[in-house]
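>>> Here is a sequence together with a model predicted from it:
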Amino acid sequence: MASNKDAPPAIKRNDLYEALRLSQLPDEQSGSQDPVKRFISRTPAWRPGNELPWGSIDPEGYKKGNTVDFNPAAFGGHVFAQAPLAAARAVEEEENGSGSGNDKLGIHSIQGVFTKAGAIDRPFIYDVTNVHSSRSFTTKLVQARQPTEASDAPNGPFPESDANRPLGPVSFTCLTTFKRPIPMPSPAELQIKGSAQERYADILSQRAPDQWEASPQVDVDAVTRMFPNAGHGGFPMLDMYKVDMKAYNADKDVPERRELILYRPYKPIREDDPNAHIVAHAYEADRNGLIMLTNHLGWGFNLGSAASLSYSFYVHVNADEAVMKGDGWWIQEVWWPRVSAGRAMMEVRIWSPEGKHVASGYQDGVALPSSNLTKKKKKMGEKL
């Protein structure tokens, strides 16, 4: 029997507050009346597939050009969640206790544009500027950049002095809007007929939520075939499980197919911090979406590129209704209604454990097979 010292080390999984840890930097004065609020991330972003045993397949490990030909950069959901969190912290500071209880501004939407892949060995620096502020509705612009060289502490925590290094171009930009809650009950309460829990009841009843396979660290057929049931790895903040929808999707065209992800916090998130819960939903909603599509398109062993270009996330309810209380399971319902011009459109619905449609996501991104597959198809066409 192997001794404990021979066992592989446990993989650390951060909670939300460590994964998205921010430190506020001194404000930067701009030409406008409002100063620029600045924040630095302190914890390296999660990297999809980083904890898989790549060395057992290829001694060179996990890199562009071997096994799967796409860039294993930082998880895009990191900036998609952390940038609006920085905006939220700026808004909360400005409110300075003027709001109370359920009357505080909560995230209403996140509208992000991805312009450069992120590196995990250096922090993100977030500049938060005011676009518009009123008592009931506020908009913040957030721009994220990274230093042009790795941190002296590449495994974190990143020192605040990294913010003084030369910064590269903007890697992510987003508008984050905030809205105060309206008194409940709402004057109207409508959603599509049949929650995800109702429409997929026969499938969901087949096993307990955590008995489905953990969401793959990289949900590409080539990778999941090599590393089946690889577990959560170091994926932070949330436990996520992928429902087996193969039978449901078998006779459907790609735009009619569905994937379901069940999730809840890995460790509790403070219930009095609804903006943190909302960015956790956004973090979850950006995981594996476009690369799951490439499996449906038959590119799971020939993936060239799958990357977000823009992503909009809308919260349809008062912020406190997005709080993940207790141990209930939330559902992400995802599908791809349009694929064209080397791009794909993904739609997401977020359902509460009670079957309420809480949020929606709309993502457009690059989805392409590898150049080898494209050349092969072209040659076949020429022969025909």
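Thanks, I have it.

>>> wait, isn't residue 315 in contact with residue 107?
Yes: Residue 315 lies in contact with residue 107 (CB atoms under 8 Å); the separation is 6.1 Å. For every residue, glycine as well, the C-beta is placed using N, CA and C.

>>> Between these two, which contacts overlap?
residue 278 (CB atoms under 8 Å, 6 or more residues apart in numbering).

>>> So for these two, which sits in the more crowded spot?
Taking neighbours as other CB atoms under 10 Å, residue 315 and residue 107 compare with residue 107 leading, 29 against 24.

>>> Wait, the more buried one touches residue 277, no?
No: using CB under 8 Å, residue 107 makes no contact with residue 277, being 9.3 Å away.

>>> Pull out the buried positions in stretch 266-279.
For stretch 266-279, burial by neighbour count (16 or more other CB atoms under 10 Å) applies to 266, 269, 273, 274, 275, 276, 277, 278, 279.

>>> so which of these comes closest to residue 40?
Using CB to CB, residue 279 is the member of the buried residues of stretch 266-279 that sits closest to residue 40, with 16.9 Å.

>>> Doesn't the closest one lie inside a strand?
No: counting by DSSP: H, G, I helix; E, B strand; the rest coil, residue 279 is located in no strand; its state is helix.

>>> what number of residues lie near residue 232?
Neighbours of residue 232 (other CB under 10 Å): 18.

>>> Tell me the secondary structure of it, please.
Under three-state DSSP, the three-state class of residue 232 is coil.

>>> Now it: closest residue in space, sequence neighbours ignored.
residue 214 (5.0 Å; CB to CB, 6 or more residues apart in numbering).

>>> and that neighbour, how far is that from residue 349?
Per CB to CB, to the nearest Å, residue 214 is found 22 Å from residue 349.

>>> More neighbours: which of the two?
Applying other CB under 10 Å to residue 214 and residue 349 shows that residue 349 carries more neighbours, namely 20 against 16.

>>> Got phi/psi on the more buried one?
phi -120, psi 140 (degrees, to the nearest 10).

>>> got a list of what it touches?
Counting by CB under 8 Å, 6+ apart, the residues that residue 349 touches are 196, 332, 333, 334, 357, 359, 360.

>>> Ok, residue 276 next?
Neighbours of residue 276 in contact, by CB under 8 Å, 6+ apart: 16, 17, 20, 85, 88, 269, 270.

>>> can you do 10 Å?
Contacts for residue 276 were tallied using CB atoms under 10 Å, 6 or more residues apart in numbering; they are 16-17, 20, 81, 85, 88-89, 107, 237, 265, 269-270, 322-324.

>>> Nothing else from me, thank you.
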